[in-house]
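**Q** Fold the following and give me the result.
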Amino acid sequence: MIPRHFDTEVTFSVNGNIHTVKNPAPWLTLNEWIRAQPNLKGTKRTCGEGGCGACVVMLTELKGKELESRAVNSCLYPVCGLHGAAVSTIEGLGGKNLGTLHPIQDRMVKHNASQCGFCTPGMVMNMYSLLTEKDNKVSAAEVEHAFDGNICRCTGYRPILDAMKSFSQEQQPIDIEDLKPACKGNCPGCPRTKQDCSLHVVSRPDGDSGPAVQWFRPTSRGELVKIVTQSAGAPVRFVAGDTGKGVYKNLPPSSVYVDLKKLPGMTDIELVGSGELTIGACVTLSVLIDFLEARLARVPYFDQLVRLLKRIANTPIRNSATWAGNFMMARLYDFVSDAFTAFAALSPTLALLHNDGKVSTVTIDQLLATDMADVVILSMTVPAHVPSAVYAVHKVMKRHENCHAYANASFYAVVNPDTGVITGQPRIFYGGLQTKLYRATSVEQYLVGKSVLTASVLEGAIKTLELAIPQTPMATSGSVPYRNNLAQNLLYKFFIQAAGSHASADNLSALSPIRSGTSSGVQSYDSDPSAYPLSESVEKLEIRAQTTGEAVYVSDLPILPGQLYGKFVLAVEAPAKLVSIDSSAAVVMPGVVKFISA
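**A** Numbering: from 1, shown residues only. Have a look, this model is predicted:
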């Protein structure tokens, strides 16, 4: 039996209004619910995988004793995971219902930063979340980086970024009071009181007589062990941000879901001096980046991790996704995990909780071979960094943001700074060369006791790698020869980094980031004041409705009785000359009303 103190309904707020949802299915997303129940159609849905940003809302949760607000993808976030949280949508900022525009909406209008306007509410909410998260203190670079998960297909990013960068400290920041924080945690009936409550929700998607699907949120290890034990034989899925379904959309459903975020220690991070680092399994990638970035002066090698972690997915995804979830995707699927590869060379250990309540530890290599049925990752401990060690991580991808890797790699070696001799066995890992993480042990063994300053050593290492490298075809990672070349090139880059001041300036340039500073653009056009209103710039008629989410699109309209749907018929050959179209077989198909052609 599940303990009686578990809450059985999901309670949260949307724009300050309290909502209680009874028996939601674990796969019901926040986007589906807010568009259907409160009928808040300003939040859009396009890709359904957290890649476009049209669905972004702000989520405020209690972390420890502090409220934390971040942008999240509502198309992925489960309603069951909202217990005790506060959600802010575009309707809560400004518009006809509030009688005014929010400053962010106003500047979008003044910069003419929308065209079709479908993505605009997500853009506004992303900026609102950033300003709230950063207490209204952001740089232009932070603004640009925060929009790595928002896609605009028609306006162009110049006016959008101009509008958003106008809030940076370099330009015209608004007063913190004008930001209107949506959640102060002291409203009557505030769901914040539910933040630390255990939760047990039962739904029956197939009706009252159908099988039960359960969602648990335990708040102690004892509760977790009891849930797992009583669910023996049923497929159990452990979740935190639940962003993995954006990548793997056709996963088989589970009958038991267990939300791990409220377990003690799961969101903790601890750095002992400038040495050992322990990270709870439910620490999100964004929180981890912030923690590491704030301690770069104490631990310089964190810079390599931060640079790599910022290239995983995009900001709203990283705000929900956890490093442990990223690890498990690498273990379960043919997923080229950047986090898994990056940490592998640091030789961390993982603490695992078993269904008998016992805790064991495994290395990152052993995790791939460990039976993880009913086993939960509790934390990861990274040992102290040796001062003379060289650590490097690399990711090769189509673009800098929101993109899976063709290949990635991590390297770790203790190198004598004077002679370049490698002491002990280095650690070299590659992702994307085969279905699972590949460790180049033959290259590691070859490099023991050799100097990275010797050209013949580099040649020998590359030759050793070439002979040992997997020849595994990967559907998402380019051809085998291409990936083999990448692996060799990344090894060459590591040699340059390990050589340090001994390397020439030309060689060291290979380590410099390709990207420059923040982007900028200028729009110019002719205007004759003497002829106004001719050639005078005017406000676009529909832009205010677009920035407030009040503009209505086809997907916002309710389904009408007898409504018809159209589908494009694609040619089976191209290029080809279309001679004629015979639609006779199509129009007699059940449900077909008419065939329409040009």
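**Q** what about this protein, any weak spots by pLDDT?
**A** 1-5, 176, 180-195, 476-477, 515-516 (pLDDT under 70).
**Q** With only the CA atoms kept, save stretch 151-164 in PDB.
**A** Output in PDB follows, covering the C-alpha atoms of stretch 151-164 (Å, rounded to 0.1, in the frame of the first residue of the first chain):
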ATOM      1  CA  ILE A 151      13.500  29.700 -34.000                       C
ATOM      2  CA  CYS A 152      12.000  32.400 -36.200                       C
ATOM      3  CA  ARG A 153      11.300  31.400 -39.800                       C
ATOM      4  CA  CYS A 154      10.200  34.700 -41.300                       C
ATOM      5  CA  THR A 155      11.000  37.900 -39.300                       C
ATOM      6  CA  GLY A 156      14.800  37.500 -39.100                       C
ATOM      7  CA  TYR A 157      16.700  37.600 -35.900                       C
ATOM      8  CA  ARG A 158      18.100  41.200 -36.100                       C
ATOM      9  CA  PRO A 159      15.000  43.100 -34.900                       C
ATOM     10  CA  ILE A 160      14.200  40.400 -32.300                       C
ATOM     11  CA  LEU A 161      17.600  40.500 -30.800                       C
ATOM     12  CA  ASP A 162      17.700  44.300 -31.000                       C
ATOM     13  CA  ALA A 163      14.500  44.400 -29.000                       C
ATOM     14  CA  MET A 164      15.800  41.900 -26.400                       C
END
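**Q** Okay, strands next: where are they in the stretch 1-150 of the chain?
**A** Along the stretch 1-150 of the chain, the segments classed as strands by DSSP state E, counting those that start in this stretch run 9-14, 17-22, 56-63, 66-73, 86-88.
**Q** and the shortest one, which strands flank it?
**A** Same thing as strand 86-88. Counting by DSSP bridges, the strands paired with strand 86-88 are strand 9-14 (parallel), strand 56-63 (antiparallel).
**Q** closest one to Cys75 among those?
**A** Proximity to Cys75 (CB to CB) singles out strand 56-63 among the strands paired with strand 86-88, at 9.3 Å. Bear in mind the C-beta positions are built from the backbone N, C-alpha and C, glycine included.
**Q** Next, the angle strand 66-73 makes with the closest one.
**A** Angle of strand 56-63 versus strand 66-73, following axes from the mean of the first three to the mean of the last three CA atoms, to 10 degrees, is 150 degrees.
**Q** Which of the strands of the stretch 1-150 of the chain sits closest to Ala440?
**A** strand 66-73 (35.8 Å).
**Q** for that closest one, which positions count as buried?
**A** Across strand 66-73, burial judged by 16 or more other CB atoms under 10 Å covers Leu67, Glu68, Ser69, Arg70, Ala71, Val72, Asn73.
**Q** ok, now stretch 297-315?
**A** For stretch 297-315, the neighbour count (16+ other CB under 10 Å) marks 299, 301-302, 304-306, 308-315 as buried.
**Q** quick one: that stretch to chain centroid distance?
**A** 14 Å (CA atoms, centre = their mean, to the nearest Å).
**Q** on that earlier part again, is it possible to export the strands of the stretch 1-150 of the chain to JSON lines including distance to Ala384?
**A** Converted to JSON lines, the strands of the stretch 1-150 of the chain look like this (distance: least, CB to CB, whole Å):
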{"stretch": "strand 9-14", "distance to Ala384": "41"}
{"stretch": "strand 17-22", "distance to Ala384": "46"}
{"stretch": "strand 56-63", "distance to Ala384": "27"}
{"stretch": "strand 66-73", "distance to Ala384": "29"}
{"stretch": "strand 86-88", "distance to Ala384": "39"}
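**Q** Kind regards, and thank you for your time.
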